[in-house]
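Colleague: here is the input, now give the coordinates:
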Amino acid sequence: MPSQPRFDAVPENPFVVPMPKGFLWGVATSAHQVDGNTTGNDWARFERQPGAIAGGAVSGPAADHWNRLAEDTELIRRLGANAHRLSLEWSRLEPRPDRWDEAAWDHAEEELSLLHGAGIEPMLTLLHFTLPAWLAERGGLTAAEFPGRFETFAAEAGRRLGTRVRLWCTVNEPNVAMLYGYVTGQWPPCRRDPALAAQAFTGLLQGHALAARALRREVPDGRIGAAVHLVQAEPLRRWWLPDRLAAAQVRSGFNWPFYDAVRDGVIRLRLPGFPRLEEPLAELRGSADFVGINYYRRNLVGFDPRAPGWASLHQGPGRLSDAGVELHPEGLLVLLRQAWTRYQLPLIVTENGVADAGGHLRPVYLRAHAHALACAVAEGIPVQGYFHWTLLDNFEWTDGYALRFGLYRVDFSSQERIPTPGVTEFRRLAELLRKQQAQS
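Modeller: The predicted structure is shown next:
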């Protein structure tokens with residue numbers, strides 16, 4: 001077992017070993033959260049329901065990124081980032097079944113061209129939670145047509161944008177989409193039905209497999225993966241066996257089922273109170289070239305038969321973000337170790353960030369998580385990139401505008417971008433990486 005580095009005194013230069021050649025140091029966004037006026041998807045409709053979003057907010061103009069591509073690309077360049085993870089808004093590109101919006105595709109090409117012109121490599125996510133309203137009305141993730149529709153969309157994206165995009169992320173946080181959409185019912189389609197949750201999870205894996213197949217056909221030199229939300233789950237009371245079993249259940253039933261299916265070619269789900277899944281799907285094998293990891297939290301897990309999966313989640317004793325989430329960079333290193341051992345695929349941290357309106361937590365947060373990356377690399381784990389969530393304050397789903405994750409603070413009245421202290425630290429770390437890469 002590797003020794004656990006200290007994270008209470010992270011060195012000013014957290015990159016204690018040379019990072020891999022071509023290491024990606026970037027920022028992440030998603031279309032619905034920043035673009036503004038994405039009115040044709042399931043979320044836009046959901047937001048109009050009373051009480052759906054904190055403070056009665058709607059996404060509305062969001063951060064107006066759609067109209068500020070050049071300005072925001074320049075912000076990324078000034079950060080010293082060499083990569084940007086962004087998403088396509090499916091409802092803009094295919095507003096009606098089998099009808100493509102040429103102006104929306106032109107806009108996507110423009111954004112990618114701006115990024116390339118600034119020396120920034122894009123990673124393109126096809127599905128970041130939102131679905132076209134016409135597809136949501138027909139069953140969304142649980143519709144029999146979803147995997148095929150998603151394959152068609154992926155093929156079109158590959159055909160049109162493949163010369164500009166090497167890195168592809170098919171789906172974002174499929175485990176979160178299942179949990180909030182079909183277990184807790186907090187997100188569209190607001191269902192609380194374990195059978196539908198299992199069906200949605202199956203649909204997402206089938207969709208990923210078919211989308212990856214389409215991308216391999218259209219973009220033969222592309223690299224494909226998915227971004228999965230991983231929680232560092234530890235027992236609330238280490239001495240009590242039910243808590244230890246509940247923590248193990250979170251790891252096996254939430255963290256790993258998506259990529260286990262990719263590894264094994266079998267969709268499996270084993271959660272108390274849920275239908276047991278055991279569905280072979282040969283197309284899943286080889287459908288990913290890397291494992292995308294979204295890491296935000298450690299949770300202490302207690303046994304609770306009233307909770308989904310019989311597991312209740314609690315925060316640890318460390319400092320909390322504005323979202324009430326414990327800051328625990330050690331957990332990222334633990335999960336990188338576990339993912340590498342489990343899958344033997346290159347790893348990319350596709351999201352990692354902190355809700356911090358004052359901006360004072362973010363510099364230390366960035367440095368500590370960069371240290372976790374370097375410690376993993378020192379152990380021989382092939383970590384190939386890191387994307388910080390997020391470039392700009394944005395519409396944070398059911399939290400609306402209450403949480404601020406941006407390196408740049410956004411005044412949502414004027415749409416002014418205001419640097420936070422995180423900008424200086426991100427840029428400093430980027431420069432350390434640049435010098436390190438130049439010397440290697």
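Colleague: all helices of this protein, in order?
Modeller: According to DSSP state H, the chain carries its helices in the segments 31-34, 42-47, 69-79, 90-93, 102-117, 133-136, 146-161, 174-182, 194-218, 241-250, 257-264, 330-343, 362-378, 421-439.
Colleague: ok, which of these comes nearest E283?
Modeller: E283 lies closest to helix 194-218 among the helices of the chain, at 4.0 Å (C-beta to C-beta). All C-beta atoms are positioned from the backbone trio N, CA, C, and that covers glycine.
Colleague: any idea of the angle the closest one forms with helix 146-161?
Modeller: With axes from the mean of the first three to the mean of the last three C-alpha atoms, to 10 degrees as the criterion, the two stretches helix 194-218 and helix 146-161 enclose an angle of 30 degrees.
Colleague: buried stuff in helix 194-218?
Modeller: Residues of helix 194-218 classed as buried by neighbour count (16 or more other C-beta atoms under 10 Å): 194, 196-216, 218.
Colleague: quick revisit: of the helices of the chain, which is nearest R306?
Modeller: Closest among the helices of the chain, using C-beta to C-beta: helix 241-250, at 12.3 Å.
Colleague: avg pLDDT for the closest one?
Modeller: Averaged across helix 241-250, pLDDT comes to 94.
Colleague: what's the answer for stretch 272-289, then?
Modeller: For stretch 272-289, mean pLDDT rounds to 95.
Colleague: tell me which residues in that stretch are buried?
Modeller: Taking 16+ other C-beta under 10 Å as the neighbour-count basis, stretch 272-289 is seen to contain the buried residues F274, L277, L281, L284, S287, A288, D289.
Colleague: and the residue lying closest to the second one once chain neighbours are set aside, how many neighbours?
Modeller: This means L277. On the basis of C-beta to C-beta, 6 or more residues apart in numbering, the spatially nearest residue to L277 that is not a chain neighbour turns out to be L269, at 3.9 Å. A count of nearby residues for L269, using other C-beta atoms under 10 Å, gives 22.
Colleague: what sits against L269?
Modeller: When contacts are counted by C-beta atoms under 8 Å, 6 or more residues apart in numbering, L269 touches A198, F201, G253, P257, P275, R276, L277.
Colleague: okay but the last one is in contact with A200, surely?
Modeller: Same thing as L277. No. At 11.4 Å, L277 does not count as touching A200 under the criterion of C-beta atoms under 8 Å.
Colleague: how much space between the closest residue to E110 other than its chain neighbours and A108?
Modeller: What sits nearest to E110 in space, not counting adjacent residues and going by C-beta to C-beta, 6+ apart, is L69, at 6.4 Å. Relative to A108, L69 is positioned 10 Å away (criterion: C-beta to C-beta, to the nearest Å).
Colleague: ok, these two, which is more surrounded?
Modeller: Per other C-beta under 10 Å, whichever of L69 and A108 has more neighbours is A108, with 21 against 17.
Colleague: the more buried one and V165 touch, don't they?
Modeller: No. Contact status for A108 versus V165: not in contact, 9.7 Å apart, counting by C-beta under 8 Å.
Colleague: and the residue nearest to L277, how far from G358?
Modeller: Relative to G358, L269 is positioned 40 Å away (C-beta to C-beta).
Colleague: and for L336?
Modeller: In this structure, L336 lies at 29 Å from G358, with C-beta to C-beta as the measure.
Colleague: who has more neighbours out of the two?
Modeller: Between L336 and G358, L336 has the larger neighbour count (other C-beta under 10 Å), namely 25 against 11.
Colleague: and the residue lying closest to the more buried one once chain neighbours are set aside, what pLDDT?
Modeller: Nearest-residue entry for L336: A376, 4.2 Å, with adjacent residues in sequence omitted and distances by C-beta to C-beta, 6+ apart. Here, the pLDDT recorded for A376 equals 98.
Colleague: can you give me the strands in the stretch 251-400 of the chain?
Modeller: Taking DSSP state E, counting those that start in this stretch, the strands of the stretch 251-400 of the chain run over residues 266-269, 277-280, 291-303, 311-314, 347-351, 383-389.
Colleague: generate a markdown table for these, with distance to L403 as supplementary columns.
Modeller: Listed next are the strands of the stretch 251-400 of the chain as a markdown table, based on distance: least, C-beta to C-beta, whole Å:
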| stretch | distance to L403 |
| --- | --- |
| strand 266-269 | 30 |
| strand 277-280 | 33 |
| strand 291-303 | 11 |
| strand 311-314 | 18 |
| strand 347-351 | 14 |
| strand 383-389 | 11 |
